[in-house]
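> model the structure of this input:
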Amino acid sequence: MKTQSRMTRQRRVILEELSKVKSHPTADEVYNMVRERMPNISLGTVYRNLDLLAESNQILKLETAGNIRRYDANMHPHSHVRCLSCGKVYDIPYIDASHLNLQSEGLEGFDFVNVRVEIDGLCMDCANAKS
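Residues are numbered from 1 along each chain as shown. Predicted coordinates for the structure are as follows:
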């Protein structure tokens, strides 16, 4: 088990900036937000600190299939939906998948650590643009 690392100034600023938005930004987007307060911070520092914050369960690292990693400071139970057109990720109410009986689906021999439901669709802006 990893121990919680010390809250450095860079880590605190990254967490504060991430907490201000609900857009589930990429590491590059977080970097651009943080640079307004810390102009000399490097992209590598932002990546490392995002990983440390995720490992210490202070933020969520969203790794949806076929998409770049995004980050979320909302640690309350919730699920996500991703727009297939623009790639934006939105919060939705929590979907409890713990009731699924995966052993009955021919998956014996697995020790399940996490079950995640991925929901994809078109956001309202993209759906309106297509019609």
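
> for residue 90, give me its contacts.
24, 80, 81, 82, 83, 123 (Cβ atoms under 8 Å, 6 or more residues apart in numbering). All C-beta atoms are positioned from the backbone trio N, CA, C, and that covers glycine.

> PyMOL command to pick out the buried ones of those residues?
A single PyMOL command selects the buried members of the contacts of residue 90 (16 or more other Cβ atoms under 10 Å):
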select buried, resi 24+80+81+82+83+123
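
> how about low-confidence regions in the protein?
For the chain, the stretches flagged by pLDDT under 70 are 1-5, 65-66, 102-107.

> by contact count, what packs against the lengthiest helix in it?
If you go by DSSP state H, the chain has its longest helix at helix 43-55. Helix 43-55 sits against helix 9-19, helix 27-35, strand 60-62, with contacts defined as 3 or more Cβ pairs under 8 Å, 6 or more residues apart in numbering; DSSP states H and E.

> now the ones you listed in TSV, with distance to residue 116 and mean neighbour count?
Shown next, in TSV, are those (distance: least, Cβ to Cβ, whole Å; neighbours: other Cβ atoms under 10 Å):
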stretch	distance to residue 116	mean neighbour count
helix 9-19	20	18
helix 27-35	20	18
strand 60-62	10	17
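
> now the ones you listed in JSON lines, with distance to residue 54?
Formatted as JSON lines, the helices and strands packed on helix 43-55 follow (distance: least, Cβ to Cβ, whole Å):
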{"stretch": "helix 9-19", "distance to residue 54": "11"}
{"stretch": "helix 27-35", "distance to residue 54": "11"}
{"stretch": "strand 60-62", "distance to residue 54": "4"}
